[in-house]
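Trainee: just need the structure, nothing else, for what follows:
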Amino acid sequence: MQRILIFVSLTFCITAGFSQDLILTDSGRLVVNNKMKYLRDESCQFSLEDVIKSPFHQLTEVKAPNFGFDNAAYWFKLDVVNRSNSPNWLLEINFSPLDKVDFYLQDDSGNWMHEKAGDMFPIVIRDVMYRHPVFSVNIRPASSRTAYLRVETSSSVQVPAILWRPDVFSRVSSHLQFINGLFYGAMVLMTLYHLFLFFSLRDRITLFYVMTLIAMTNIVSFFQGYNFLYLHPKHPYFNDLFAIFSGPAFILCSTLLTRAFLKLRQFSRWLDYALMINMLIDIVMGFAMLIFFRQISYKYHHYLILSHCIIAVISAWYCLSKRYRPARYYMVAWIAPFLAAATFTISNLGFVPGLLSMNYAGLMAGCILQTLFISFALGDRWNTLEKENQQAKEMELKRGQEENGRLEMEVELRTAKILQQNLQLEEVNNVKDKLFSVVSHDIKGPLSSLHLALTLAKSGSLNAQEFQHISSQLHQRLGQTTEFIDNLLQWAKLQMKGETFEPDKIDLSRLATESVNLLEHECKQKKIRLINNLNGPLEAFADINMVRSILRNLLTNATKFTPVEGSITISAYTIDNRIIISVADTGVGIPKSNLGRLFTLNSIATEGTQSEKGTGLGLLLCREFVEKNGGKIWFETIVGQGTTFYFSLPVYKASAQRLTSAGGQRM
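Mentor: Down below sits the predicted model:
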């Protein structure tokens, strides 16, 4: 007898396990899950009569049916047995984005009652004004009915059905409305708060975060049906626009936020490119779906959102691995919402049961956690900026106090500077007057002599010998005048910053030979020996025209102040990457009274051993040219024995530092 009872119990349990009847009890709530059969209508043309005659298939999943993205129509058969005391029940399809949902139920007289819902129809046609499709199910107690559901949608085909007693449905939906209200209220408050901060701080990262908050809230609201219920209940066309652009808007905003917050381009261009390419593809996909309406599946948006989540988390991890501290906030802030969004997306694609798609608690919790942690991150960033601003203000105040303390000293310094400038102006005026005097004398003298000689020659009062003597003197005076004008022009050009400075490798031996050849005639006339010891290659880094002028002026001065049968020697040697060039003569030397006036305009009007005229302007030009090339010029002299002028130039190297037009370093 005991064995028979065990066998009967097992048989009952097995039978109950395979039973597909939906038994309504006084609990007031029944989750349908897999307790219904389905039929796939690929042509979407089956009528109710065709479906009644067709065989249905058993659902194998334990959870709610989820067929992913499928353009076919699906029919579901529900065998309902009412063992409760209530004849009025409600059937809720807990998934808002379904396009068309038809519900058929046979009444007591055998007629089929037909109700419609879905986001392709205005909400006002529904028997129950609710965000999800809800249908009235009227079954007398202790009776049974067969009902049919038809679902056709371009979104994910999911049918998480629940049977409710109206009072239980009203109570539970009120609780859910309250919880959802807290969520949306928190999101709106955080959005307004950060928007206010943006207008105060003008921080673009804050703006990107506000945009991301709005995009995330919009996605949750769309899938929960609140957009349709409250924003456009009479215009279902907007549901398609929300479905098309909600995903691209979220990817666009969060991409801008990720790139700006992580400074991603500085750490990894490849991850930055991956984010940008993923974003652009989704935006292009959205516009393509708008043009080719309902011909492109929404599943591509889900794939792109999933890949975006993966790239964003990897980017945060990579930046953190590069010791970018703000990335740790980003990782903590986005792991929760990204995991929730990824799970939700995978469910919509049909890879996991549909229960995860209608469980918005994880998605909302992820959004709230993300909002809190990003707020903490932005707050830390703002505190850092505030500290930096405070430190800057303190430094500015301290600087102001120091400036006020030095005000009197500054006035004194400026007064002294004005006095010094006045002295410099007086000195400049004196130099100008002296320069004009020299210019008028050295140019007017030869011109007057030339005018007198031409007048005498024209009158015929000069014989050939006298004309030859006067011509020789005029030739000498004109040569000196030409040299003076040439030096004067070069000096004036240098003062007006018009002299080009182009340092390069130059051969000093070649330049020395060239200068010696130019003075060969003058040296022969005075029987001066000109010795050039620069025989081998000697390479310097300097401006060739300036060095040529330096050598010419020094050799000309040496020739001028060297007596007959004297000597001039050019030599060179190298010390510490510097070439030292010397021009030594056996001339009259420089008197002590003139030592302090060399290399200035005050050393003007000195005659040579044969009364050669000079102005001293050549030495001034030599000093400025040498210093321009990063060298130094100096001299040694003994009265009655001679003078040696030295100047230095940098040695040329392949990796030599280029001197700028502002001048090089002085020795």
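Trainee: switch to C-alpha atoms for all contacts and neighbour counts from now on
Mentor: OK.
Trainee: now stretch 508-516: mean pLDDT?
Mentor: The predicted model assigns stretch 508-516 a mean pLDDT of 86.
Trainee: pull out the buried residues from that stretch.
Mentor: Under the neighbour-count criterion of 16 or more other C-alpha atoms under 10 Å, stretch 508-516 has 508-512, 515-516 buried.
Trainee: out of these, which two sit at the greatest distance?
Mentor: Based on C-alpha to C-alpha, the longest span within those runs between 508 and 516 and measures 12.1 Å.
Trainee: if we can go back for a sec, output the buried residues of stretch 508-516 in JSON lines; the columns should cover distance to residue 257 and secondary structure.
Mentor: Output for these, formatted as JSON lines (distance: C-alpha to C-alpha, whole Å; DSSP: H, G, I helix; E, B strand; the rest coil):
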{"residue": "508", "distance to residue 257": "64", "secondary structure": "helix"}
{"residue": "509", "distance to residue 257": "67", "secondary structure": "helix"}
{"residue": "510", "distance to residue 257": "67", "secondary structure": "helix"}
{"residue": "511", "distance to residue 257": "66", "secondary structure": "helix"}
{"residue": "512", "distance to residue 257": "69", "secondary structure": "helix"}
{"residue": "515", "distance to residue 257": "71", "secondary structure": "helix"}
{"residue": "516", "distance to residue 257": "74", "secondary structure": "helix"}
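Trainee: can you tell me which of those is nearest residue 553?
Mentor: Using C-alpha to C-alpha, residue 515 comes nearest to residue 553 of those, at 9.5 Å.
Trainee: which residues touch the closest one?
Mentor: With contact set as C-alpha atoms under 8 Å, 6 or more residues apart in numbering, residue 515 has these partners: 548, 551-552, 555.
Trainee: narrow those residues to those in strands?
Mentor: Assigned to strands by DSSP state E, none of the contacts of residue 515 qualify.
Trainee: ChimeraX command for the buried members of these?
Mentor: Buried residues within the contacts of residue 515, by 16+ other C-alpha under 10 Å, are selected in ChimeraX with:
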select :551,552,555
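Trainee: among the contacts of residue 515, which lie within helices?
Mentor: Judged by DSSP state H, these include 548, 551-552, 555 as members of helices.
Trainee: okay, which residue is most central for this structure?
Mentor: residue 265 (7.5 Å; C-alpha atoms, centre = their mean).
Trainee: quick one: that residue is in a helix?
Mentor: Yes: with DSSP: H, G, I helix; E, B strand; the rest coil as the criterion, residue 265 is part of a helix.
Trainee: ok, the ones in helices among the contacts of residue 515 vs residue 171, which is closest?
Mentor: The nearest member of the ones in helices among the contacts of residue 515 to residue 171, counting by C-alpha to C-alpha, is residue 548 at 104.1 Å.
Trainee: what residues are up against the closest one?
Mentor: Residue 548 neighbours (C-alpha under 8 Å, 6+ apart): 511, 515.
Trainee: switch the cut-off to 7 Å
Mentor: Residue 548 makes contact with residue 511, according to C-alpha atoms under 7 Å, 6 or more residues apart in numbering.
Trainee: residue 651 versus that one, what's the distance?
Mentor: 17 Å (C-alpha to C-alpha, to the nearest Å).
Trainee: do residue 165 as well
Mentor: On the measure of C-alpha to C-alpha, residue 165 and residue 651 end up 101 Å apart.
Trainee: mind putting the buried residues of stretch 508-516 into TSV with distance to residue 243?
Mentor: Listed next are these as TSV, based on distance: C-alpha to C-alpha, whole Å:
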residue	distance to residue 243
508	81
509	84
510	84
511	83
512	86
515	88
516	91
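Trainee: from those, which is closest to residue 198?
Mentor: Using C-alpha to C-alpha, residue 508 comes nearest to residue 198 of these, at 67.6 Å.
Trainee: contacts only, for the closest one.
Mentor: The neighbours of residue 508, taking C-alpha under 7 Å, 6+ apart as the test, are 538-540.
Trainee: again, only this time at 6 Å
Mentor: Counting by C-alpha atoms under 6 Å, 6 or more residues apart in numbering, residue 508 touches residue 538.
Trainee: use 363 as the first number from now on
Mentor: All right, first residue 363 from here; so that's residue 870.
Trainee: give me the neighbour count for the closest residue to residue 948 other than its chain neighbours.
Mentor: Once flanking residues are discounted, residue 948 sits nearest to residue 1004: 4.1 Å by C-alpha to C-alpha, 6 or more residues apart in numbering. When counting by other C-alpha atoms under 10 Å, one arrives at 21 neighbours for residue 1004.
Trainee: what helix or strand is residue 560 on?
Mentor: Element membership of residue 560, judged by DSSP states H and E, is helix 528-563.
Trainee: who are the packing partners of that helix?
Mentor: Contact analysis of helix 528-563 by 3 or more C-alpha pairs under 6 Å, 6 or more residues apart in numbering; DSSP states H and E lists helix 566-586 as its packing neighbours.
Trainee: what angle do the helix it packs on and helix 528-563 make?
Mentor: Put simply, helix 566-586 runs at 170 degrees to helix 528-563, going by axes from the mean of the first three to the mean of the last three C-alpha atoms, to 10 degrees.
Trainee: any idea of the mean pLDDT in helix 566-586?
Mentor: 87.
Trainee: what comes up buried for that helix?
Mentor: Neighbour-count burial for helix 566-586, counted by 16+ other C-alpha under 10 Å, picks out 567-586.
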